[in-house]
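Peer 1: Sequence first, predicted coordinates after that:
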Amino acid sequence: MADQSTDVTMRGRRPGPALIDNNDGEISVTLPEAHPGYGDQRYIERREWIAAAAIHARPGDPASHVVYSGDDRRVWQLVREELHDLHQRHASSVYLESLSTLGLPSHRPPQLRDVSDTIEKATGFRMTPVAGSVSARGFYESLADRNFRSTQYIRHVSRPGFSPEPDMIHEVVGHGPHLVNERWAQLYQLAGDAVRRLQNSEVVELVSRIFWFGVECGLVREGGEVKVWGASLLSSVRELRQFQNTDIRPLDLAAMANQDYDSHAHQPVLFVADSHARLEDFLGEFFTTVEDDSTYAVKF
């Protein structure tokens, strides 16, 4: 596990909003003024305890048991209730089947170790705890070993519909159903394999960008309708309510490579595949063939 005092870059183009500092084993979490949890000392203290448990864990240990607060439980229950209705209307059938397989509780946050056990039995993937967001290379290279590095904290009660960071709801509700499905777990591993063999940082950024638009924010057509498959969209009440009003474009590698994105904000542009099979083939071919000398008309 990387040293979280230095490995706290957001999976995306900009730094995550929380600063995690490891001072000789004393963990502090600093939230900027724009963060929903800014000034909430109890929330910050919970974040610090959860971060410390992840940082001090030994490799191979199961995730620490987290005692979630009343606010944490309320947020989980509220978001799960709202997402249930939105999922029924907008989520792809493959996602809904995988979510059912995962068997997440609706009234309380699950323990990460329990979710990880379910996923590992299905696909061999594990979810291991991290204090906060991790570097792009660290995140993807872990995927090559079928290890998904997951946070355990819950977003702040004042803003349950959207999180500026990848919280437990994002990790478990968004990515968990992907990882419990072998076909999609394989794509996560291929993305990790790609980054592991790459030396060119610009091409690593390209992999991250294609992963963002294909896996985090991916759309597919089912029965003539646009359905959501992406983990980031499916874990955000706000995004699911708004995604149909975005600029939805056909799946296209060059367009995705050149499209800017902000992982902390509403997505103005999304890409849709004609089917799950098409999205699988598209991502699988890209992750398998991308190399350091690959040439795309990419702006960085």
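Peer 2: Perfect, I can see it now.
Peer 1: so how far is residue 187 from residue 207?
Peer 2: Residue 207 sits at a distance of 12 Å from residue 187 (criterion: C-beta to C-beta, to the nearest Å). All C-beta atoms are positioned from the backbone trio N, CA, C, and that covers glycine.
Peer 1: What of residue 170?
Peer 2: 18 Å.
Peer 1: shaky segments in the protein?
Peer 2: Where the chain drops to pLDDT under 70, the residues are 1-17, 295-300.
Peer 1: and the residue minimising distance to the centre of it, what is it in contact with?
Peer 2: The C-alpha lying nearest the average C-alpha coordinate of the chain belongs to residue 171 (C-alpha atoms, centre = their mean; 5.0 Å). Residue 171 makes contact with 127, 148, 150, 151 under the criterion C-beta atoms under 8 Å, 6 or more residues apart in numbering.
Peer 1: again, but for residue 153
Peer 2: 46, 47, 50, 51, 167, 168.
Peer 1: which residues of the stretch 51-200 of the chain fall in strands?
Peer 2: 126-129, 147-150 (DSSP state E, counting those that start in this stretch).
Peer 1: Residues that sit against both of residue 207 and residue 187, list them.
Peer 2: Counting by C-beta under 8 Å, 6+ apart, the contacts common to residue 207 and residue 187 are residue 287.
Peer 1: Could you pull up the contacting residues of residue 77?
Peer 2: Contacts of residue 77 (C-beta under 8 Å, 6+ apart): 106, 107, 108.
Peer 1: Same question for residue 79.
Peer 2: 160, 161, 169, 173, 237.
Peer 1: Ok, residue 213 next?
Peer 2: 256, 259, 261, 270, 271.
Peer 1: Over to residue 293?
Peer 2: residue 200.
Peer 1: host element of it?
Peer 2: Using DSSP states H and E, residue 293 maps to neither a helix nor a strand.
Peer 1: sorry, back to before: okay, the contacts of residue 77 in a markdown table with neighbour count and distance to residue 245 next?
Peer 2: Below are the contacts of residue 77 laid out as a markdown table (neighbours: other C-beta atoms under 10 Å; distance: C-beta to C-beta, whole Å):
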| residue | neighbour count | distance to residue 245 |
| --- | --- | --- |
| 106 | 10 | 28 |
| 107 | 9 | 32 |
| 108 | 14 | 33 |
